[in-house]
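J.: everything below, folded, please.
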Amino acid sequence: MDKFVFPQRASSFMAAPMTTAMMMATRFATNKPKAEKKSHSEAESRRRKRINDHLTTLRGILPSKLKTDKATLLMETVQHVKELQQKFAEVAGSGGEGGMKPLLPTETDTVSVSRCQDEEVGEKNNLFVKATVCCEDRPDLNRDLVQLVRSVQGKITRAEMASVGGRTKMVMTLKLTGGGGEEELRRVRRGLMAVVENRASGRIGHSKRGRFVMPNRTDGYGGMSNYNYSLR
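T.: Numbering: from 1, shown residues only. Next up is the predicted model:
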């Protein structure tokens, strides 16, 4: 019996010849994982370098100069920070050297004037006062304060200043030779308020109305008040 053989036909599922675009897409898909792996490796290398740089900086800051592993170095850093925090708390609690607290400027303009608790004995007709000023920092602030002290016949016997973030706080001990009394205290207080307010006008001889926060006192000058004064 003769066998009948069907003629072969091209399968409809036979892949068509690849075009140039298809070949490029295939090559890109093959190379993409390699590029991503290389990019990740480079990013990891940069991250490790930053960490090592920070660790090197810590080794230079800590008192101990011994070479230690990373875990020990981080432990020593934490311990050192805790010790510094404790020392700062002790200094802040005791009022610092000479009984004066650390200077930290605030965001509020303040003026404070009070008699010194430790007045020098044996100097008659002299008044020692403690003056505190907190305001915006400016180049002519020290000049204005010195002019004020001279205008009230005073002398600065002690001064401390701190500037942080464009704000300045100064604590001064003044010796007034023009006699002691509430009038002298009021003159110093008015003058300091004028110096603080002068930051806005920048010129002398202009009357302004200022608003200041005054610390609570028992002499009748406490609380927040508005003052009229003239810069003369």
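
J.: tell me the strands beside whichever strand or helix holds Cys135, with direction?
T.: Following DSSP states H and E, one finds Cys135 within strand 127-136. Note on strand 127-136: by DSSP bridges, its sheet partners are strand 110-115 (antiparallel), strand 167-176 (antiparallel).

J.: buried set for it?
T.: Burial within strand 127-136, assessed by neighbour count using 16 or more other C-beta atoms under 10 Å, is assigned to Leu127, Phe128, Val129, Lys130, Ala131, Thr132, Val133, Cys134, Cys135. Backbone N, C-alpha and C define where each C-beta goes, glycine included.

J.: just stretch 176-194 next, same as before
T.: Leu176, Gly180, Glu184, Leu185, Arg187, Val188, Arg189, Arg190, Gly191, Leu192, Met193, Ala194.

J.: among these, pick out the one closest to Leu104, please.
T.: Leu104 has its nearest neighbour among those in Leu192, at 18.9 Å by C-beta to C-beta.

J.: next, count neighbours for the closest residue to that closest one other than its chain neighbours.
T.: Once flanking residues are discounted, Leu192 sits nearest to Val111: 4.6 Å by C-beta to C-beta, 6 or more residues apart in numbering. Using other C-beta atoms under 10 Å, Val111 is surrounded by 25 other residues.

J.: just the pLDDT for Val111.
T.: In this model, Val111 is scored at 92, pLDDT.

J.: confirm that Leu103 sits in a strand.
T.: No: applying DSSP: H, G, I helix; E, B strand; the rest coil, one finds Leu103 to be coil, outside a strand.

J.: which stretches of the chain form strands?
T.: Ranges of strands within the chain are 110-115, 127-136, 154-164, 167-176, 207-214, 223-230, based on DSSP state E.

J.: pLDDT weak spots in this structure?
T.: Scanning the chain for pLDDT under 70 picks out the ranges 1-35, 65-66, 91-102, 117-126, 178-180, 199-232.

J.: quick one, domains of it?
T.: 21-94, 110-230 (automatic domain parsing).

J.: on that earlier part again, could you check the angle strand 154-164 makes with the strand holding Cys135?
T.: For strand 127-136 against strand 154-164, the angle by axes from the mean of the first three to the mean of the last three C-alpha atoms, to 10 degrees is 30 degrees.

J.: show residues contacting strand 127-136.
T.: With contact meaning C-beta atoms under 8 Å, 6 or more residues apart in numbering, strand 127-136 is reached by 105-106, 108-116, 119-120, 141, 145, 157, 166-176, 179-181, 184-185, 188, 192, 195-196, 199.

J.: make it 6 Å
T.: With C-beta atoms under 6 Å, 6 or more residues apart in numbering as the test, strand 127-136 has contacts from 105-106, 109-116, 119, 169-176, 180, 184, 192, 196, 199.

J.: try stretch 146-161
T.: Contacts with stretch 146-161, where a contact means C-beta under 6 Å, 6+ apart, come from 103, 170-178, 187-188, 191, 195.

J.: all set, thanks.
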